[in-house]
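**Q** can't give you the sequence, but here's the structure:
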């Protein structure tokens, strides 16, 4: 009897031990293989990043003989990409060596301890001095350390279709002065050009951060709440609290409500499709089915030759206009900037090699190639000063000039949750489930929850 | 479970009243324990695996539900007691999800799958063989399809440019965007479409068990179709009804893929049942702790339903 009891115990223990150690032991990762994960477009014909990374991989493997780069694409809409990434970062078994992180999320992930500070590497990298200050600050944690190397930035504005504008009798050099000008143009398009979506403003949870930043914040940062563009309407840096109950917030929601209530925007069910952004870039704009699009500077990357929706003369058909402030008050135009960074996970097996890969990506030549390929705005001074960059693509000058008057998100650790709360409020007024006041109240409530009550009323 | 027959008196298991003055035989007790262990030995690996892979995760899940673990934006998770549950009951979105879950379950499982399954099974008994084969085949195809495929098919059926609107248009009836105006009804219908086959199969088997002579006797007594159904058929298949309801309900409570593919719980939260709410909290809002607490509550709702059905099953024996 003793032997059997002992046997059972041993068996159970052995089972537990094998399976537990299987979970616990390190990645077993090969020190010569660098795992690089990145976000792959949900549009199968868009291969901008795939192509670029394949090129860098070739350069890297040539420069470091014996090392191998393993590209790990994550194919998901924005809102799901972050979740997948965070799950991978939690365990050394799944954590890649290098990840592509959006700046709005990076502080949140830094707080979670997912990322590794890069200061030691940056100190020994002369090229870091070429980065503009806002770019250097983009991936700085609240502890003052730097956790990511930005691969460009972006700005935002209004894209309008000159073909649609011609049919609607609107000017080809359109530049609205107020929100009402934007709505008026949309109403004209709706009246005169049937079958065309007059105005797209991203909205709702399915669109994720695109709804918050391209949609809502482009409005909110143009309200009186910013005191002429000098203060942040979401976060009060003096008291270190998030702002609830502001009039500007309601005004911005009212704009979104008007767009969808008057059917100036896309059909609500389309607007709430998580892949709507892909549809806008790949179908609606190229096919001339969208009048005005409030969107980012990076759109042309989808129209480059070889991208699947090659559209060589887009700059003849599409015009660009600044997003105006609410009543045309100073400074008259609004832009938001964000961007992505390359970061090294805390649980990466080969952090040193990962930084070498960053260095290969961020040589002047490669950085410039990337800015042009993904229609990004240069964050390296030497590239920005290079005339061949400014003339590489129409639109680069327009969007680079916006950098002077752009706003950055208050990307504190709570920001991703605040962003979701904004998307919920937008979705409420988009579907008509909530009035502006009710949605704003819902936001105040959600804000309290998301920020542990670090809220101030304005 | 197995009652020990008194006839098995040879083994003095229960009759071993200790004789005063003699110490209770440690030797014999040891032998019994040994035998129990020997018998348990073959079960050992299975039990170990179940503990590890079934009980383990459930226990871990129950533990996480009492913490504020987040996917991002948090340095250390801490134990928060019943906070998550308190939050849930004060959260309008949670209550909305509970309500929608009940609507979805009652509509699609109790009313839809169950009743329609029974109706199909009874009708098919009278139908000719080709009709029976064809109907059975079609219904079962819907059941065999993977959830995501079924979800996509019904999405294509209900969407604005979908089949349903094309048919309505052809009949000159007003069309609408079903997934937008009546999302919970659309997903309920989808679940009925997909799950009816299971009920039909269960009831077909149950109906076959009813002895022909009883039905015939009732017929001779002049009982019409409805009365036969109410007084003969239903009482005789009560056991199957109970089992079927239980399986249906539990399956419907946890439907995720179908709704996710069709509406993602939207628009707004108008088709956000508990599993979708749970997913949103845990993975979209990164609040793993809260999401897990909701999962536990869902488990609770499921067990309440099963308790009710188990009681139903017991009283009728």
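**A** Yep, that arrived. In this text, all values refer to a predicted model and were calculated from it rather than measured experimentally.
**Q** How many neighbouring residues does the residue of the stretch 251-400 of chain A found nearest chain B have?
**A** Of all residues in the stretch 251-400 of chain A, residue A:269 sits closest to chain B, at 4.9 Å by C-beta to the nearest C-beta. C-beta coordinates here come from the backbone N, C-alpha and C atoms, glycine included. When neighbours are defined as other C-beta atoms under 10 Å in any protein chain shown, residue A:269 has 19 of them.
**Q** what about residue A:127, neighbour count?
**A** Residues near residue A:127, counting by other C-beta under 10 Å: 16.
**Q** Distance check, it against chain B.
**A** Here residue A:127 is placed at a distance of 30 Å from chain B (C-beta to the nearest C-beta, to the nearest Å).
**Q** Touching, that residue and residue A:366? I think so.
**A** No - at 10.8 Å, residue A:127 does not count as touching residue A:366 under the criterion of C-beta atoms under 8 Å.
**Q** And for the residue nearest to residue A:435 when sequence neighbours are not counted, the neighbour number?
**A** Leaving aside its sequence neighbours, residue A:435 sits nearest to residue A:429 (C-beta to C-beta, 6 or more residues apart in numbering or on different chains; 7.4 Å). By the criterion of other C-beta under 10 Å, residue A:429 has 27 neighbours.
**Q** so residue A:429 sits in a helix?
**A** Yes - when classified by DSSP: H, G, I helix; E, B strand; the rest coil, residue A:429 is found to be part of a helix.
**Q** Report pLDDT for it.
**A** Listed pLDDT for residue A:429 reads 96.
**Q** try residue A:265
**A** 96.
**Q** just to revisit the earlier point, show me the contacts for the residue nearest to residue A:435.
**A** A:253-254, A:256-257, A:260, A:435-436, A:439 (C-beta atoms under 8 Å, 6 or more residues apart in numbering or on different chains).
**Q** Using neighbour counts, trim these to the buried set.
**A** A:253-254, A:256-257, A:260, A:436, A:439 (16 or more other C-beta atoms under 10 Å in any protein chain shown).
**Q** would you list those residues in TSV and tack on secondary structure?
**A** Shown next, in TSV, are the buried ones among the contacts of residue A:429 (three-state DSSP):
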residue	secondary structure
A:253	helix
A:254	helix
A:256	helix
A:257	helix
A:260	helix
A:436	helix
A:439	helix
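**Q** filter those residues by proximity to chain B?
**A** Applying C-beta under 8 Å from any C-beta of the partner chain, the subset of the buried ones among the contacts of residue A:429 adjacent to chain B is empty.
**Q** Helix or strand: which one has the residue in the stretch 101-250 of chain A positioned nearest to chain B?
**A** Closest residue of the stretch 101-250 of chain A to chain B, C-beta to the nearest C-beta: residue A:108 (3.9 Å). Assigned by DSSP states H and E, residue A:108 belongs to helix A:103-111.
**Q** tell me the mean pLDDT for that helix?
**A** Here the average pLDDT along helix A:103-111 is 90.
**Q** who are the neighbours of it, in terms of helices and strands?
**A** Helix A:103-111 sits against helix A:78-89, strand A:148-150, strand A:340-343, helix A:415-431, with contacts defined as 3 or more C-beta pairs under 8 Å, 6 or more residues apart in numbering or on different chains; DSSP states H and E.
**Q** Which is the succeeding secondary structure element to it?
**A** Next element after helix A:103-111 (DSSP H and E): helix A:119-123.
**Q** any chance of the contacts of residue A:429 in JSON lines, plus pLDDT?
**A** Shown next, in JSON lines, are the contacts of residue A:429 (pLDDT from 0 to 100):
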{"residue": "A:253", "pLDDT": "97"}
{"residue": "A:254", "pLDDT": "97"}
{"residue": "A:256", "pLDDT": "97"}
{"residue": "A:257", "pLDDT": "97"}
{"residue": "A:260", "pLDDT": "96"}
{"residue": "A:435", "pLDDT": "95"}
{"residue": "A:436", "pLDDT": "96"}
{"residue": "A:439", "pLDDT": "95"}
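**Q** so can I have JSON lines of those showing distance to residue B:158?
**A** Converted to JSON lines, those look like this (distance: C-beta to C-beta, whole Å):
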{"residue": "A:253", "distance to residue B:158": "29"}
{"residue": "A:254", "distance to residue B:158": "31"}
{"residue": "A:256", "distance to residue B:158": "26"}
{"residue": "A:257", "distance to residue B:158": "26"}
{"residue": "A:260", "distance to residue B:158": "21"}
{"residue": "A:435", "distance to residue B:158": "28"}
{"residue": "A:436", "distance to residue B:158": "30"}
{"residue": "A:439", "distance to residue B:158": "27"}
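**Q** where does chain A have low pLDDT?
**A** A:1-29 (pLDDT under 70).
**Q** re the thing from before, show me the contacts for the nearest residue to the residue of the stretch 101-250 of chain A closest to chain B once chain neighbours are set aside.
**A** Closest residue to residue A:108 apart from its sequence neighbours, by C-beta to C-beta, 6+ apart: residue B:73 at 3.9 Å. Listed by C-beta under 8 Å, 6+ apart, the contact set of residue B:73 reads A:108-109, A:111-112, A:413-414, A:416-417, B:286.
**Q** Pick out whichever of those sits closest to residue A:395.
**A** The nearest member of these to residue A:395, counting by C-beta to C-beta, is residue A:416 at 29.3 Å.
**Q** That closest one contacts residue A:103, doesn't it?
**A** No - in this structure, residue A:416 is not within contact of residue A:103 by C-beta under 8 Å, at 11.4 Å.
**Q** Can you pick out the residue with more neighbours from those two?
**A** residue A:416 (27 against 22).
**Q** Wait, a helix at the residue of the stretch 251-400 of chain A closest to chain B?
**A** Yes - assignment of residue A:269 by three-state DSSP places it within a helix.
**Q** Grab the nearest non-local neighbour of it.
**A** Using C-beta to C-beta, 6+ apart, the nearest residue to residue A:269 is residue B:180, at 4.9 Å.
**Q** where does chain B come near chain A, residue by residue?
**A** B:30-31, B:33-34, B:37-38, B:40-41, B:44-45, B:47-49, B:51-52, B:70-75, B:87, B:159-160, B:177, B:179-180, B:264, B:266-268, B:270, B:283-286.
**Q** ok, now with 6 Å
**A** B:34, B:37-38, B:41, B:44, B:48, B:71-75, B:177, B:180, B:266-268, B:283, B:285 (C-beta under 6 Å from any C-beta of the partner chain).
**Q** Among the residues you listed, name the ones in helices.
**A** B:34, B:37-38, B:44, B:48, B:180 (DSSP state H).
**Q** For these, pick the one with the most neighbours.
**A** Busiest of these [other C-beta under 10 Å] is residue B:180, holding 20 neighbours.
**Q** That one and residue A:270 touch, don't they?
**A** No - in this structure, residue B:180 is not within contact of residue A:270 by C-beta atoms under 6 Å, at 10.3 Å.
**Q** Let me know the helix or strand that residue A:94 is in.
**A** Using DSSP H and E, no helix or strand contains residue A:94.
**Q** what sits against it?
**A** Residue A:94 is in contact with residue A:88, counting by C-beta atoms under 6 Å, 6 or more residues apart in numbering or on different chains.
**Q** Same question for the one 3 residues further on.
**A** Neighbouring residues of residue A:97 by C-beta under 6 Å, 6+ apart: A:34-35, A:348, A:350, A:354.
**Q** Now it. Its backbone dihedrals?
**A** Here is the backbone geometry of residue A:97 (degrees, to the nearest 10): phi -90, psi -20.
**Q** Roughly how far does it sit from residue B:299?
**A** 39 Å (C-beta to C-beta, to the nearest Å).
**Q** Kindly confirm my reading that residue A:160 forms part of a helix.
**A** No - using three-state DSSP, the assignment for residue A:160 is strand, not a helix.
**Q** Isn't it up against residue A:322?
**A** No - the pair residue A:160 / residue A:322 is not scored as a contact, 11.6 Å apart, by C-beta under 6 Å.
**Q** So between these two, which is more surrounded?
**A** Each of residue A:160 and residue A:322 has its neighbours counted (other C-beta under 10 Å); residue A:160 has more, 27 against 22.
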